[in-house]
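Engineer: This is the structure alone, sequence omitted:
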């Protein structure tokens, strides 16, 4: 067997040179005085095994054959059965995900019996003929990679250690992998050859997967992280189509790079190759594309892949390098961290934070041979981990938390493992030891290890991803296990991005041998030939560090990160101070001291410069500048200048950001009030800069109804009644304010808009307030929910009938005295309130009784169930007494009871002397009574009676009547307004002259239909 080692030089000319000059970066030139003893390492190795056993046994006991373990609930997570979590659920396919992802970990940790049983269980319970939409990327790295690596591990164990074992095995894992591979191939049916991001396991690309922005785009990593698994599948199965498809994809991504910067963007259109997100980084959305270019070269020896990787690597170093705090530096080689830039304008920073996924980069730097770069960047990450106990999902460059969750990701441990293997410095073992302690302290629960929902509070999340089994435990174990203790020679394999084993000697496992067919780049572009031997081989660490003491050298590199940061910060501060030019400041369209938050003209100026406004959790208003959102380059420069001006202005002791309406930036709540929640379910929401402002003493109750269409960008349809409801709609396809106008037209009293990005959440996203269009013609309130909270609301809305919610400030946790004074209640809300009060829930009953008894404003209320109303008639009588003190011109309702001919109680709502609406207790009758005499006897009508024709006189009476309907009822919001207008005029005409105008039975039916739909505001 050829012994190709993965720790080889990245600049090697060819495979023969790899074999000639391979360098295993394990150094034996010095002894670390602080090294862990053999006994100490064995204890830690045993601890990792115990941790894995706890996690794996919990999965098998409580979750199998579900895809994931829910460690807090001690049960399995199945797709559809649990509340949806957005795009993250597309990892799940009800195909025993965690078990498949754990196969080679079981083998590598020496748990051969459990491994064999796990293979049997996968063969028994895993299949893909399911009508479920899954992520192509995740299904590839976790499921396809897990099946292939499981197959390889079994073959390896049988031939190396257990020749008489596994005789029953008939390549079933490979057959499953081949089945899944062909299902994923449907995704490649695009004009560019780039795969779609999602596929239906049973039906391929369905109609629903062909349309919409989400289905026409894919991330660079999603398309570029299929190479290792698909090549391995081709070599093992003999089906060349898999390798051909991924090679075409890698060629296309390289072709679409920016030719000046040699950088790629984050999101690309699968049909025309247009970059939809041009942010370029080494983090989320791109990360593993770079990883697979280099590992693809190691696996295949394809110099095209190495050339592309080196071009990207040089550009990343040139354009993205910054110091510890994210400040630019003069010498890119001195950089210790990496920022996000624009692929087409690489000198412009795109984001002010880094995400956790880029923690894989030092490990890749080790494989390339850039050990110094790896040590420095890893030290930056290490300092963040020391500050927060784990690596947050995203941090700002000052190392403060941007996104506070941590799903037990393995990338930092992965890089720590590679650095330990490269340097043999026990400093990295100490990091591993610390991570074991942190996992035990903050994550361990009786049924596994729970993700951390908030690193600030260490609140746990009912989630344990399969990658914890596949990667986190694997890298921890390999750190403390000596090579002679392993059943596998790790140097015979390369890890996929999911840490699955891929053999470097593919020919030993392949059913067929064939060459890859990637497009060869112009040989003139290659600079592989060099007279310098360092370009062809990887020198020893003594040479790299110019030191006989490698451990001392690595320590000095780590320490230099902090010193360099201090030095650069001093220079940066001096530069900022010198950069404030008064002549330039005078060119600003708006000075900091003149800015007022909430003024439309000021907000439009800021928007043009790429500046947005948000609110921090403590109520302070924050300005955020994004150069890529400015109208043009000059406006972006003005934005930078404005932010500098604001920074200087804010240093004044009396500084306070002015706002014309602070409520536009107040965090609001959506509270589910009806059973089974009874006020316990609260979603944090963002406000709107249009419509009714939900100030701290104002909120709305209402029954929730899902909009149809879901985006609420056109006329609403369906069987749902939208009148007096709070409508739930999704973001997209039209402006926020347009949605509000449409739902208000259909009688809605409020609107909840849910983000169309399912990964966003209130806890990890910047505060968001929905902007309007400058026209103040919306009167209902609107709130915004991020994707995570919104999808949970949708799940509950579809699971619970008649769900009622409150939108506004979180009144349940405040003194009620301020809220009830202006609480708006309408008929549906009142019906719900009374129902809740009768449910004998003392907590809610007391609060709602306070609402009725102390409210100084009483809005007209109409309900369908007067059996409920009768029980609370004393409240209405008390309110009626109060209303007598109100001016007669006020729009009050007279409420009374009477008996009909059957001695049934009739409830009478008398709006004025003209309009009266009656109900019977059984709710089967609703009658509209119009007494026209008060209108006819009005002096102005009587004076004109003789001057007008009968028709004109009837029209004047009708006009007065309609005016009162419009003022006090929902008449204008009814769907059949035109027909109801005609029937009311006919009614008036028949009352004035019954001999000439007949009111037929059909007319009466339409009149009764009006009564049925008519309600009071």
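Structural biologist: Received it, and whenever you're ready, just let me know what you need. Just so it is clear, the model here is predicted, and its values are computed rather than measured.
Engineer: Just name the shakiest helix or strand of this protein by mean pLDDT.
Structural biologist: helix 816-819 (a mean of 33; mean pLDDT, DSSP states H and E).
Engineer: Residue 631: what secondary structure?
Structural biologist: coil (DSSP: H, G, I helix; E, B strand; the rest coil).
Engineer: could you list every residue that touches the spatially closest residue to it that is not a sequence neighbour?
Structural biologist: Distances taken as CB to CB, 6 or more residues apart in numbering put residue 608 closest to residue 631, at 5.0 Å, once the chain neighbours are dropped. Just so you know, the C-beta spots here come from the backbone N, C-alpha and C atoms, and that holds for glycine as well. Applying CB atoms under 8 Å, 6 or more residues apart in numbering, we find residue 608 in contact with 630-631, 635.
Engineer: Show me which of these are buried.
Structural biologist: 630, 635 (16 or more other CB atoms under 10 Å).
Engineer: Please tell me how far the residue nearest to residue 631 sits from residue 349.
Structural biologist: 19 Å (CB to CB, to the nearest Å).
Engineer: just to revisit the earlier point, closest one of the contacts of residue 608 to residue 780?
Structural biologist: Ranked by distance to residue 780 (CB to CB), those are led by residue 631 at 31.7 Å.
Engineer: mind checking how far that closest one is from residue 984?
Structural biologist: Computed as CB to CB, the residue 631 to residue 984 distance reads 53 Å.
Engineer: Where does the prediction get shaky in the stretch 601-750 of the chain?
Structural biologist: By pLDDT under 70, the low-scoring segments of the stretch 601-750 of the chain are 614-622, 627-628, 633, 648-666, 695-699, 719-720.
Engineer: What segments of it are strands?
Structural biologist: 611-615, 621-625, 658-659, 668-672, 681-685, 699-706, 725-730, 750-754 (DSSP state E, counting those that start in this stretch).
Engineer: Can I get those in a markdown table including distance to residue 422 and mean neighbour count?
Structural biologist: A markdown table is the format used below for these (distance: least, CB to CB, whole Å; neighbours: other CB atoms under 10 Å):
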| stretch | distance to residue 422 | mean neighbour count |
| --- | --- | --- |
| strand 611-615 | 42 | 21 |
| strand 621-625 | 39 | 17 |
| strand 658-659 | 54 | 16 |
| strand 668-672 | 51 | 23 |
| strand 681-685 | 45 | 20 |
| strand 699-706 | 55 | 22 |
| strand 725-730 | 48 | 26 |
| strand 750-754 | 47 | 27 |
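Engineer: Contacts for stretch 928-942 next, please.
Structural biologist: With contacts defined as CB under 8 Å, 6+ apart, stretch 928-942 is touched by 912-918, 953, 956-957, 960-961, 987-988, 991-992, 1007-1008, 1010-1011, 1014.
Engineer: Show me which of these are buried.
Structural biologist: Neighbour counting over the contacts of stretch 928-942 (16+ other CB under 10 Å) leaves 912, 914-918, 953, 956-957, 960-961, 987-988, 991-992, 1007, 1010, 1014 as the buried ones.
Engineer: Pull out the buried residues from stretch 76-88.
Structural biologist: Of the residues in stretch 76-88, 76-77, 79, 82, 84-88 count as buried by neighbour count, 16+ other CB under 10 Å.
Engineer: How far off centre is it?
Structural biologist: 14 Å (CA atoms, centre = their mean, to the nearest Å).
Engineer: outside of that stretch, which residues touch it?
Structural biologist: 62-70, 89, 92-94, 132, 135, 758-759, 787-788, 791-792, 794-796.
Engineer: before we move on, the earlier item: how about JSON lines for the strands of the stretch 601-750 of the chain, with distance to residue 591 added?
Structural biologist: Below are these laid out as JSON lines (distance: least, CB to CB, whole Å):
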{"stretch": "strand 611-615", "distance to residue 591": "14"}
{"stretch": "strand 621-625", "distance to residue 591": "14"}
{"stretch": "strand 658-659", "distance to residue 591": "12"}
{"stretch": "strand 668-672", "distance to residue 591": "32"}
{"stretch": "strand 681-685", "distance to residue 591": "33"}
{"stretch": "strand 699-706", "distance to residue 591": "38"}
{"stretch": "strand 725-730", "distance to residue 591": "39"}
{"stretch": "strand 750-754", "distance to residue 591": "34"}
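Engineer: Of all those, which one is nearest residue 390?
Structural biologist: Among those, strand 681-685 comes nearest to residue 390, with 23.5 Å by CB to CB.
Engineer: Can you give me every residue that contacts residue 339?
Structural biologist: Contacts of residue 339 by CB under 8 Å, 6+ apart are 281, 320, 322, 326, 349-351, 354, 397.
Engineer: Give me the pLDDT for it.
Structural biologist: With respect to pLDDT, residue 339 has a value of 88.
Engineer: Over to residue 132?
Structural biologist: So, for residue 132, pLDDT stands at 94.
Engineer: What of residue 508?
Structural biologist: On the pLDDT scale, residue 508 is placed at 73.
Engineer: The chain should start at 691 in everything you say after this.
Structural biologist: Got it, the first residue is 691 from now on, which makes the last one we talked about residue 1198.
Engineer: Give the burial count for it, as a bare number.
Structural biologist: Counted by other CB atoms under 10 Å, the residues lying close to residue 1198 total 14.
Engineer: That one and residue 1177, how far apart?
Structural biologist: 17 Å.
Engineer: Repeat that for residue 864.
Structural biologist: Per CB to CB, residue 864 is found 21 Å from residue 1177.
Engineer: When those two are compared, which one has more neighbours?
Structural biologist: Taking other CB under 10 Å, residue 864 and residue 1177 do not tie; residue 864 has more neighbours (22 against 15).
Engineer: Could I get the pLDDT score of that one?
Structural biologist: Value listed for residue 864 in the pLDDT field: 96.
Engineer: By neighbour count, which of the contacts of residue 1029 wins?
Structural biologist: Most surrounded of the contacts of residue 1029: other CB under 10 Å gives residue 1044, at 28 neighbours.
Engineer: Residue 845 contacts residue 1199, correct?
Structural biologist: Yes - taking CB atoms under 8 Å as the definition, residue 845 is a contact partner of residue 1199 at 6.5 Å.
Engineer: No further questions, thank you.
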